[in-house]
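*Asks:* no FASTA, just this:
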């Protein structure tokens, strides 16, 4: 697993990149938003040696960057600083800046050196550590969908599809898997690929998705969930920076258009034993008993996982059957209408694709609940309560997933099993932040309410 870096790493970087003038220090908050500070290059060796102070309240911020005091990390405890240390092997040049700049990821610790309980990266570390006594190594891959937009809004102030760099016309049609669409945006995608190589982010495949301006970029599978999530955070930052360079807006919002597909974060998982064999594979049948145990754990924890997999009010607008987002507790082989899909492929590639999370979720927390669920399933050895779905699972009568954030928050609040994995202290902080967001959201009068009710009642 990736630990914090040593000063030699900083020294070698400065020697190899003498032109670097400043360095962005980045830490991912509860929402997966990169926060931190920028320092001059001369400060980085001391930061590698001693760390850098940042407020604990970073992990009590809502989506607007406001401190949610009910989380208990702000004024109540004196707004204290914690020590943040660079994550090993994440210090890289960021060539998209006009000024020669690098960036590095951070993780937060108490002043005594203990991992800070509210840092999502440490939550994932704890879950991964539970796999070690089982002699198992998770192999994971993250897929991220996103939208490009025209920087100019329409006459109503709403986002609109980009203008194609090739045709100079606004994209209006859905062209899923269109190679021509990929070709139209070659300059943007090539620059993303270049930046990924610079940042050592293993981007693999780019796909034109289900709506105008929507794309998906897949990361290669890795036998290190922490590194995979580090790379997902960096990939988001790269896409945003390169989109701006090409005069596009970009968003990982789960559902930016009511009549188009939402953006998801699909996670593929398999498990290797100490001999390097995939325990989900079975030479004599489609999958192993261990895979069934994992599916059982995932299905059992899925309702309580929803506020983490789908963390925002808008997240739940993705859940419409016609857009291939599962709405029920189900699983199946080579079936995109289920929540947990077993993709086709060779025996060695037997894996679970978790298809519920939105692109707006925090990758560390998404990975944490997935691996916690799998660990629970493997240790309890229960079989799934439902058989694999065949055909259109949207027509089944399987138990429905929560369809609104308040409903999902209420389920997690009553849960004890998943909370034990993630830590009750963390869950209390997370729920306090989400409940405050819901209060703020519910007090807002929407444009549609004014249109419907102002003159009609």
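*Replies:* Thanks, I have it. This is a predicted model, so every value here is computed, not measured. Numbering: from 1, shown residues only.
*Asks:* may I ask which helix or strand of the chain has the lowest mean pLDDT?
*Replies:* Least confident helix or strand of the chain, by mean pLDDT, DSSP states H and E, is helix 179-184 with a mean of 79.
*Asks:* same for the helix or strand that it is followed by, what does it pack against?
*Replies:* Counting by DSSP states H and E, the next helix or strand C-terminal to helix 179-184 is helix 186-198. In terms of contacts (3 or more CB pairs under 8 Å, 6 or more residues apart in numbering; DSSP states H and E), helix 186-198 is packed against strand 203-208, helix 225-245. Where C-beta positions appear, they are placed from N, C-alpha and C, glycine not excepted.
*Asks:* tell me who's in contact with the nearest residue to residue 115 once chain neighbours are set aside.
*Replies:* Of all residues not flanking residue 115 in the chain, residue 122 sits nearest, at 4.1 Å (CB to CB, 6 or more residues apart in numbering). Residues counted as contacts of residue 122 (CB atoms under 8 Å, 6 or more residues apart in numbering) are 107-108, 115-116.
*Asks:* give the helix, strand or coil label for residue 122.
*Replies:* helix (DSSP: H, G, I helix; E, B strand; the rest coil).
*Asks:* pLDDT at it, what is it?
*Replies:* Looking at residue 122, its pLDDT reads 97.
*Asks:* quick check, residue 217 in a strand?
*Replies:* Yes - under three-state DSSP, residue 217 sits within a strand.
*Asks:* just to revisit the earlier point, which of the contacts of residue 122 has the most neighbours?
*Replies:* Among the contacts of residue 122, the one with the most neighbours (other CB atoms under 10 Å) is residue 107, at 26 neighbours.
*Asks:* where in the chain is pLDDT low?
*Replies:* For the chain, the stretches with pLDDT under 70 are 1-2, 174-178.
*Asks:* of all residues in it, which one is nearest the centre?
*Replies:* residue 363 (2.8 Å; CA atoms, centre = their mean).
*Asks:* in contact with that one, which residues?
*Replies:* 32, 142, 228-229, 232-233, 265.
*Asks:* from residue 51, how far out is the residue nearest to residue 115?
*Replies:* Using CB to CB, to the nearest Å, we find residue 122 at a distance of 15 Å from residue 51.
*Asks:* before we move on, what about residue 273?
*Replies:* According to CB to CB, residue 273 stands 37 Å off from residue 51.
*Asks:* ok, residue 309 next?
*Replies:* Computed with CB to CB, the distance linking residue 309 and residue 51 is 32 Å.
*Asks:* from what I see, residue 200 and residue 92 are in contact.
*Replies:* Yes - contact criterion CB atoms under 8 Å: residue 200 and residue 92 qualify, at 6.3 Å.
*Asks:* so those two - more neighbours on which side?
*Replies:* residue 92 (19 against 13).
*Asks:* for the more buried one, phi and psi?
*Replies:* Dihedral angles of residue 92 (phi, psi; degrees, to the nearest 10) stand at phi -140, psi 160.
*Asks:* which strand residues bridge it?
*Replies:* With DSSP bridges as the criterion, residue 92 is bridged to residue 103.
*Asks:* list the contacts of it.
*Replies:* By CB under 8 Å, 6+ apart, residue 92 lies in contact with 102-104, 198-200.
*Asks:* now do the helices for the stretch 201-350 of the chain: every range, in order, please.
*Replies:* 225-245, 289-309 (DSSP state H, counting those that start in this stretch).
*Asks:* ok, residue 441 to residue 19 distance?
*Replies:* The gap separating residue 441 from residue 19 is 45 Å, by CB to CB.
*Asks:* same check on residue 10?
*Replies:* In terms of CB to CB, residue 10 sits 16 Å off from residue 19.
*Asks:* ok, these two, which is more surrounded?
*Replies:* Neighbour totals were compared for residue 10 and residue 19, and residue 10 leads with 23 against 8 (other CB under 10 Å).
*Asks:* which SSE is the nearest residue to that one once chain neighbours are set aside in?
*Replies:* Spatially, and ignoring its direct neighbours in sequence, residue 10 is nearest to residue 48 (4.3 Å; CB to CB, 6+ apart). Taking DSSP H and E as the definition, one finds residue 48 inside helix 44-50.
*Asks:* continuing past that helix, what's the next helix or strand?
*Replies:* Using DSSP H and E, the next helix or strand after helix 44-50 towards the C-terminus is strand 52-55.
*Asks:* residue 188 reaches residue 246, doesn't it?
*Replies:* Yes - contact between residue 188 and residue 246 holds when scored by CB under 8 Å: they sit 4.7 Å apart.
*Asks:* out of the two, which sits in the more crowded spot?
*Replies:* Set residue 188 next to residue 246 and count neighbours by other CB under 10 Å: residue 188 wins out with 22 against 16.
*Asks:* for the more buried one, what are its contacts?
*Replies:* 148, 165, 242-243, 246, 248.
*Asks:* mind checking which of these are buried?
*Replies:* When the contacts of residue 188 are checked for burial by 16 or more other CB atoms under 10 Å, the buried set is 148, 242-243, 246, 248.
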